[in-house]
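Chemist: Got a predicted structure here, sequence first:
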Amino acid sequence: MKKQTILALAITAIIVAVSAEPAMAYVLLSPRRTWASTPISVRVYTAGNSTINDGDGGVTATVGAIKAWSVVSSATTNQRAVRGSAPSTIELNNNGKICTGSCLAATLTGYYSGSTIYDADVYTNTRYSYTSSRETDGCSGEFDMDGIMVHEVGHVIGIGHSNVAGATMYPTVSSCNINNRTLEADDRAAMTDLY
Amino acid sequence: MHRRLVIGTLLLVLALPLAASQFVPQDFDVVARESSFIVRGHVVDTYSAWDDAREVIYTYATVRVTRFFGEATGPDTLVVREVGGTVDGYTQEAIGFPAIRRGEQVVLFLSQWEDSGDYRIHAYNQGKYLVRERAGKEILVEDPVRQGEARLATPDRFHVEPLAETGLTIDEFASMVDEARAGGRTGKFTRVAQ
């Protein structure tokens, strides 16, 4: 094979490798479902998590973090979650009697036979220790509340677990891992698919 | 024993550095010791209903028990209550939680709910296996379908691959449970929860 041919093949291979997009492998909840309109209102109950030392138990940090999903509008609320009825509410200090034991956080979502999500509330297991983006005392064995809630709100808007390692909707994360605070291309593709 | 250790070590390597975003993986020994009952059974019926406060839909599964693992034994039939289900056309799901369906052949780790004497699957997805038959032996496989996931309502949800290439036979599993509940360590068989 001529040198020029080898060089051309090598350059082609490099171009293909560099330009290749990561495989999109997001998974939507099934049956496919969305909220009736956007922005999707997600509220964070003002009673924060006592293990987070950032002034309000992670409430402000969570309100900010979940805005990573551009279809979400977030704010605090003095109302606890009302199951079966909007708005979607996050409780950082309450396991909802469903998220105990080895559960870190859980999203309980509801829909009728159509394709519209009527409610989705998020509960947190208070037996674990958490940190937030506003906490300044470092992280040791704690779980990042910002990242956990960005992941859970992905479920709130209708996304399941992704097969792409590194995506926010990938099903696993280690303690002190803050990567889930930001969305990856796979997560954004899922959101764009839905809304 | 060698195969068990290989499976255990492989799964430990997969599981240890990770904590699921919704669940923290537990060691098999812990799950086995914390469970009230560990049973092999057949889900003969299910129904769903709201709780008294009409806040949560639970699915109640009647499990006909064919075998108890470990020293604890109980009734031939147990009712397992899990979050999620459909009532009057409204479906409530806890995303990623284990789903339990009529007709399944299962091995379940069971513990009691904190607020009642009802049983639930202990440690979420780590407490449920599907039972398959291979070469005349029963093997355990991880249930790949959780609440909210795509294959939940499709017929192929029962066509799943074994947990590991060689699978784990139900007798190997029984030995591991005995060892764990006796206070020993079983070879660190641990699953990655989702």
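Modeler: Received the coordinates, thanks.
Chemist: Name the next helix or strand following the lowest-mean-pLDDT helix or strand in chain B along the chain.
Modeler: Sorted by mean pLDDT, DSSP states H and E, the helices and strands of chain B end with strand B:19-20, the least confident at a mean of 41. Remark: after strand B:19-20, the chain's next helix or strand is helix B:28-34, criterion DSSP states H and E.
Chemist: Flag every buried residue along that following helix.
Modeler: For helix B:28-34, burial by neighbour count (16 or more other CB atoms under 10 Å in any protein chain shown) applies to B:F28, B:D29, B:V30, B:V31, B:A32. (C-beta placed from N, C-alpha, C; glycine too.)
Chemist: For that helix, list the C-alpha coordinates in CSV.
Modeler: Coordinates of each C-alpha in helix B:28-34 appear next as CSV, following Å, rounded to 0.1, in the frame of the first residue of the first chain:
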residue,chain,number,x,y,z
PHE,B,28,-25.3,-9.4,50.3
ASP,B,29,-24.6,-10.5,53.9
VAL,B,30,-26.3,-7.4,55.3
VAL,B,31,-29.3,-7.8,53.1
ALA,B,32,-29.6,-11.5,54.1
ARG,B,33,-29.2,-10.8,57.8
GLU,B,34,-31.6,-7.9,57.9
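Chemist: Quickly run through the sheet partners of the very next helix or strand once past that helix, with directions.
Modeler: Taking DSSP H and E as the definition, the helix or strand that follows helix B:28-34 towards the C-terminus is strand B:37-50. Applying DSSP bridges, strand B:37-50 is found paired with strand B:57-69 (antiparallel), strand B:105-112 (antiparallel).
Chemist: quick one: the helices in chain B?
Modeler: Residue ranges of the helices in chain B, as given by DSSP state H, are B:2-15, B:28-34, B:170-181.
Chemist: So stretch A:47-55, near chain B or not?
Modeler: No: Stretch A:47-55 lies out of reach of chain B by CB under 8 Å from any CB of the partner chain, never closer than 14.5 Å.
Chemist: from the middle of its chain, how far away would that stretch be?
Modeler: Between the centre of stretch A:47-55 and the centre of its host chain there is 20 Å, according to CA atoms, centre = their mean, to the nearest Å.
Chemist: tell me which residues in it are buried?
Modeler: Neighbour-count burial for stretch A:47-55 flags A:G48, A:N49, A:T51, A:I52, A:D54 (criterion: 16+ other CB under 10 Å).
Chemist: per-residue confidence averaged over that stretch?
Modeler: Mean pLDDT, taken over the full extent of stretch A:47-55, equals 97.
Chemist: for stretch A:91-100, same thing?
Modeler: The average of the pLDDT scores along stretch A:91-100 is 93.
Chemist: Please export the C-alpha coordinates of that stretch as PDB.
Modeler: Output for stretch A:91-100, consisting of C-alpha atoms alone and laid out as PDB, is shown next (Å, rounded to 0.1, in the frame of the first residue of the first chain):
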ATOM      1  CA  GLU A  91     -38.800  17.400  50.200                       C
ATOM      2  CA  LEU A  92     -35.200  17.200  51.500                       C
ATOM      3  CA  ASN A  93     -36.100  16.200  55.000                       C
ATOM      4  CA  ASN A  94     -38.800  13.600  54.500                       C
ATOM      5  CA  ASN A  95     -38.600  10.100  53.200                       C
ATOM      6  CA  GLY A  96     -42.300  10.100  52.300                       C
ATOM      7  CA  LYS A  97     -42.500   6.700  54.100                       C
ATOM      8  CA  ILE A  98     -41.300   5.200  50.800                       C
ATOM      9  CA  CYS A  99     -37.600   6.000  50.700                       C
ATOM     10  CA  THR A 100     -36.000   4.200  53.600                       C
END
